[in-house]
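Peer 1: pasting the sequence and the predicted coordinates here, then a few questions.
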Amino acid sequence: MPETPTSLNAAQRQHLLITCKHVDKLLGDVESTLNAAASKTVFPNYVNDLTPVQRKTIEDYIARVRGQLLRILSGQSLAPEQPRVTAVHSTHVNLTFVDIAITELAPHYMRGYGPVSEKGAAELNGIVAELQSAVKELTRYVMQPRAADFQERVQKLAIHGWDLRDLQALAEIIDRHGLTEFRPAIGMLLDRAEDTSLEIAVFGRVSSGKSSLLNHVIGTDLLPVGVTPITAVPTRIGYGPKPLIRAWREGLGVSEHPVEELPSFVDERQNPENRKRVGRILVLYPSERLREGIVLVDTPGLGSLATSGASETLAYLPRCDAAIVLVDSSSILTGDDLKIIAALNQVSTPTTVLVSKADLLSPQDLEQQLAYTKRQLQSEYGSEVPVRAVSVVASHTHLLQQWFTDELSPLYERKQRLLQESLARKTLMLGMAVRTALDTAASQPTIANEDRARLEETDLALQRGAGTLQTFQVDLRRITDEIPLLKPLIVNKAADEIADLWVTEREVNCGEKLRTTADEVLREMTAEVRSRLEDLQTGLQRELSKAAAVLRTTDAPNAEDLHAGIEMPVFHMNRTGELASRSWVSHLGKWARVARARRELRPLENGLNEALESFSRLLCAWGLDEGAEMGTRFDSFANRYRVQLERLLIDRRRPTASQEQVKSDRERLTGMIAPDIEKPRTEAIAS
């Protein structure tokens, strides 16, 4: 085998070879379990709980992992091993050992065999990420419940008007020929088809009537109403066969509760400053208006003392499909309202302004109020924003029904149409990629030296891309571990600002100032984490697009395919021990005022420390979840590119169906994509 440049020394390469041998042996143990489970022995060691389809799919995944081992060894100029020849529990145990063995190839383990350069660390991170991705995919398949059956999911979608015959045909061909690299793509397309909800968020100031409006839309007094700040966290309301609450809480996971307990989670009086650390609330209710998939979101009120509620509201903005900004008919648009509308416009969210409590105005006054609001919006944004009047009073309910019929229903129908068009387009692109893979698997094309070099560089680039995910996780933990260490900085900054305020203000709320200072400091940190995630997404998409171009495949990803969109956590600090100090110290010098402010803040430091530690865990968990979801989406593309590279670079053919079956399936795929087969490749990718 010809030598190729490598960043690893001889000892490291030898350890890589030994680890690959060990991984191959463990995979052989998995195959032994499969064979023993299928044995006709009188004294079996295992219960044969694997269907023939499951067994074949597991064997296909094992062949894939071995193919990756061969390619990685080849890339390091190491002699490849010949493939060796798995009851669900035993398979899972062996795969866990496989994962542990692969983990020990990470740079901090490899340093025991000698110094690891920055380039070598990137290579190792990529190798670990790639192998773990394939093993994780196999583990997920082994452990999935039988209820997640493909045919069952397709039948449920067919009831709602989805035509998934092409997707079914693709799944059959993929299973028949062992093209497991395409299984995640099929799963993601099904997930997208099943997510038919339209999230409509309702924003507005405290007491603007948000909860009353939503109660009227739902058809029951579900959400608590009152004159004090009510909603402490965003509350989603969707359709369910029976009333139920699902609450996600830090450290406790998800729990279910009767709807009567909703105020204990979302009422500012019963859950001040979100002391219960509720990250998300979903209310399920059998409302006819929600049956088709519309999800309403009651967001925290603006312009109140519930500053954390306002932060939650602003953090929620990028998630909603459409937005309602509610304005009291006795009021005008305030700075808070305009801030929300501007933020919604920035993320291109369709927005409607609803003037609530329309029954309190005469028809003439109401018309003037609507006209004034429209002019104010036109002046502020230079474009028209829909403005409508609503009321929950019986004599005016036709206004609410008209708004629902004229705006929400068409918006939902449009989203469903676009979703089905997108699914059909992606199914077509996937069909073209499957046909190419089928052709490559059935033959061994000759690769010119310059093409081989380009393919090897593409393979390495995908490894580096996977390695950046590992690097992000390390950086995320480092950043979030520093959050509790910010307490002295926050206290000193708050004390300095309080000392300055004492000169001009009659009274200063020290607790509120400490919270707002902490929020400002942490906002920079969360912005850094979000920026790193965005850079990671951009980099991964770029590497995938390059690989798709080199392989001349049509299934290149776009930004939407990699974006996870998990809701970002918001910093909360309880109000316990809050102090208010008068300005009698204003005659003191700056140093004395700062010292006095620090004494005032001392009783609050334990609460600040607890809030910082909690937020550190929340932000780390959020970033890891977001990165993991992005990694899963990256792997759904990268893994099938890697398999294509493996078939092109390694002289190894996978057992496949008969030539007659290959020909029949290829013709079936050609018929599926025939209307688009003549399109230029660049046009197909762009679509």
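Peer 2: Okay, I see it.

Peer 1: so what secondary structure elements neighbour the host helix or strand of Ala169?
Peer 2: In the assignment (DSSP states H and E), Ala169 maps to helix 165-176. Here helix 165-176 touches helix 52-75, helix 150-159, helix 183-194, helix 409-442, helix 659-673, going by 3 or more C-beta pairs under 8 Å, 6 or more residues apart in numbering; DSSP states H and E. To be clear about C-beta, it is placed using only N, CA and C from the backbone, and glycine gets the same treatment.

Peer 1: does Ile62 touch Asp24 like I think?
Peer 2: No. Contact criterion C-beta atoms under 8 Å: Ile62 and Asp24 do not qualify, at 9.6 Å.

Peer 1: quick one, strands of the stretch 551-687 of the chain?
Peer 2: For the stretch 551-687 of the chain, the strands defined by DSSP state E, counting those that start in this stretch occupy 580-582.

Peer 1: rebuild the helices and strands packed on helix 165-176 as a markdown table, extending it with mean neighbour count.
Peer 2: Listed next are those as a markdown table, based on neighbours: other C-beta atoms under 10 Å:
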| stretch | mean neighbour count |
| --- | --- |
| helix 52-75 | 20 |
| helix 150-159 | 13 |
| helix 183-194 | 18 |
| helix 409-442 | 17 |
| helix 659-673 | 15 |
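
Peer 1: where in the stretch 551-687 of the chain is pLDDT low?
Peer 2: Applying pLDDT under 70 to the stretch 551-687 of the chain flags the ranges 559, 564-568, 570, 574-586, 651-657, 674-687.

Peer 1: format the helices and strands packed on helix 165-176 as a markdown table; extra columns: distance to Ser329.
Peer 2: Converted to a markdown table, the helices and strands packed on helix 165-176 look like this (distance: least, C-beta to C-beta, whole Å):
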| stretch | distance to Ser329 |
| --- | --- |
| helix 52-75 | 61 |
| helix 150-159 | 43 |
| helix 183-194 | 40 |
| helix 409-442 | 24 |
| helix 659-673 | 56 |
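
Peer 1: compare those helices and give me the one nearest Ala10.
Peer 2: Checking those against Ala10 by C-beta to C-beta gives helix 52-75 as the closest, at 14.5 Å.

Peer 1: roughly how far out does the closest one sit from the chain middle?
Peer 2: Centroid separation for helix 52-75 versus its chain: 28 Å, with C-alpha atoms, centre = their mean, to the nearest Å.

Peer 1: what's the first helix or strand after it?
Peer 2: helix 88-103.

Peer 1: now Ala358. Nearest residue, chain neighbours left out?
Peer 2: Ala389 (3.9 Å; C-beta to C-beta, 6 or more residues apart in numbering).

Peer 1: wait, the one you found sits on Val353?
Peer 2: No. Contact criterion C-beta under 8 Å: Ala389 and Val353 do not qualify, at 10.1 Å.

Peer 1: phi, psi for Gly28 please.
Peer 2: Dihedral pair for Gly28: phi -60, psi -40, per degrees, to the nearest 10.

Peer 1: I meant Leu361, not that one.
Peer 2: Torsion angles, degrees, to the nearest 10, at Leu361: phi -110, psi 150.

Peer 1: for the closest residue to it other than its chain neighbours, what are its contacts?
Peer 2: What sits nearest to Leu361 in space, not counting adjacent residues and going by C-beta to C-beta, 6+ apart, is Ser329, at 5.4 Å. The contact partners of Ser329, taken as C-beta atoms under 8 Å, 6 or more residues apart in numbering, are 355-358, 360-361, 366, 369, 389.

Peer 1: and if we set it to 6 Å?
Peer 2: With contacts defined as C-beta atoms under 6 Å, 6 or more residues apart in numbering, the neighbours of Ser329 are 355, 357-358, 360-361, 369.

Peer 1: right, and out of those, which lies closest to Val662?
Peer 2: Among the contacts of Ser329, and counting by C-beta to C-beta, the member closest to Val662 is Val355, at 64.7 Å.
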